[in-house]
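In: Generate coordinates for the sequence data below:
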Amino acid sequence: MSRPPPADPARDDSRRRDRRTAWLAAGGVLVLLVGLYSAAVAVAGDQIAAGTRVAGVGIGGLTPSEAGARLRIDLRPRVDEPIDISAAGTETVLDPVEAGLRLDVAATVDRAGDGDRIHPLAVWEAFFGGDRVAPVVRVDQQRLLGALRALADRTQVAPVEPVVTFDGARPVVQRPRPGSRLDVGRSAVAVRDAWLVDERTVELPVTSVSPHVDRAHLREAMAGRVAVLVSTPIELRFPGRVVRLVPQRYAPALSVRVADGRLRTIVNLLQLSRRLAGIIESVERPARNARVDRVRGRLRVVPARDGIQVSPRGVARAVLHAAAAPQMRAAGVARTRVEAERSTREARRALKERRPGGPGPTGPGGNGPGGNGPGGNGPGHDGLGGARP
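Out: I've put the predicted structure just below:
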């Protein structure tokens, strides 16, 4: 087995010197780089990154105080300028002051200069370019939401509810359509984000507003409720008389429309009364007051007679009840008794007082023979204003 050659002391010393020199050189380079980087950080640490822009205003390379001053000067006209907005197809403007919008210049500058000043990327940006920075906008939520709610009320498009009317017995249909209303919450975010940044008209988001009754429910009503209303004639049962009505007679006074969120059949009282005026008049009877007439030379009492009156609402209820019934399409109409103003008893009492020997009144209009005062009982008058037959 061979032995290793003996070590050369001179060669070992040379290697150690080379390694020491290399380490010293590397250390010197590192110290130089640290020094240069520290100098760069010192230079960049007090200025906004080059190329930084806020709402189109360049503040790169400026100190924070200089950047704040420039933003206040350059953005002042735009801070008070109305915001062009479009809501549900309506274009209008929004006053940023009244809407509670305010530019926070100090916070914006802080945002533009935000970051670790000794981070290599921050140093690079300080010398070779930053980026666009969104302005910091402070919002009075109550004022902004209030302004947008008022705008929503002005620009909303109400949904169209279905309505069925009748041309004779033929249904005429107005179909439902959705409406729209400003989405206040999302619109507040859109206005805040676009203010000072986007010079275009701000499109505010809207939400669809559905009608209470959609097309499916309308089709169901057309096949059911509406078809029944005009299916066959109806009968109205008045006291002592039954009247038969074809749909063409009563249906134009009816409609099916939304009330309290549901489809309901509505009666137009005035129109129905006009269409059935002849029938109502034929079953009504005016009240007749009792009176005293001279019959064949003698005074006689003509008895009072109560009148009969039919309520338009009662007729409408009967029409609605009968027309909505698939079978037994008939309904009674209640009558109202109207009392005469002068009863038969009062007329008899008056006659008794005016007969000879009765306690009749004296003076003008008394019941003396041939009295010719007002209401007198002379020839031609009966004392109660009745004319001779």
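
In: where does the stretch 251-389 of the chain have low pLDDT?
Out: Where the stretch 251-389 of the chain drops to pLDDT under 70, the residues are 355-389.

In: what are the ranges of the helices in the stretch 201-350 of the chain?
Out: Under the criterion DSSP state H, counting those that start in this stretch, the stretch 201-350 of the chain contains helices at 215-221, 227-229, 247-250, 269-275, 277-283, 312-323, 344-354.

In: buried stuff in the second one?
Out: Neighbour counts over helix 227-229 (16 or more other CB atoms under 10 Å) mark 228-229 as buried. (C-beta placed from N, C-alpha, C; glycine too.)

In: How far off centre is that helix?
Out: Chain-centre distance of helix 227-229: 32 Å, with CA atoms, centre = their mean, to the nearest Å.

In: Any figure for the gap between Val202 and Asp153?
Out: Val202 sits 19 Å away from Asp153, going by CB to CB, to the nearest Å.

In: So for the two, which residue has more residues nearby?
Out: Val202 (18 against 10; other CB atoms under 10 Å).

In: Surely the more buried one and Pro82 touch.
Out: No - in this structure Val202 lies outside contact range of Pro82 using CB atoms under 8 Å: 11.2 Å.

In: what's the neighbour count on Ser282?
Out: Neighbourhood size, Ser282 [other CB under 10 Å]: 11.

In: cool, and Trp195?
Out: 23.

In: Do you know the pLDDT at it?
Out: Looking at Trp195, its pLDDT reads 94.

In: for it, what are its contacts?
Out: Contact analysis of Trp195 by CB atoms under 8 Å, 6 or more residues apart in numbering lists 83, 96, 101, 137.

In: and what of Ser208?
Out: 178-180.

In: Mind putting those residues into a markdown table with neighbour count?
Out: Formatted as a markdown table, these follow (neighbours: other CB atoms under 10 Å):
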| residue | neighbour count |
| --- | --- |
| Pro178 | 14 |
| Gly179 | 17 |
| Ser180 | 18 |
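
In: from those, which single one is nearest Ala227?
Out: Proximity of the contacts of Ser208 to Ala227 (CB to CB) peaks at Pro178, which lies at 26.4 Å.

In: The closest one against Pro211, yeah?
Out: Yes - Pro178 is in contact with Pro211 according to CB under 8 Å; the separation is 6.6 Å.

In: who touches both of the two?
Out: Pro159.

In: Can you get me a residue count around the closest residue to Asp95 other than its chain neighbours?
Out: In this structure, Asp95 finds its nearest non-sequential neighbour in Pro82, 5.7 Å apart by CB to CB, 6 or more residues apart in numbering. Residues near Pro82, counting by other CB under 10 Å, number 13.

In: Kindly state the pLDDT recorded for Pro82?
Out: pLDDT, Pro82: 94.
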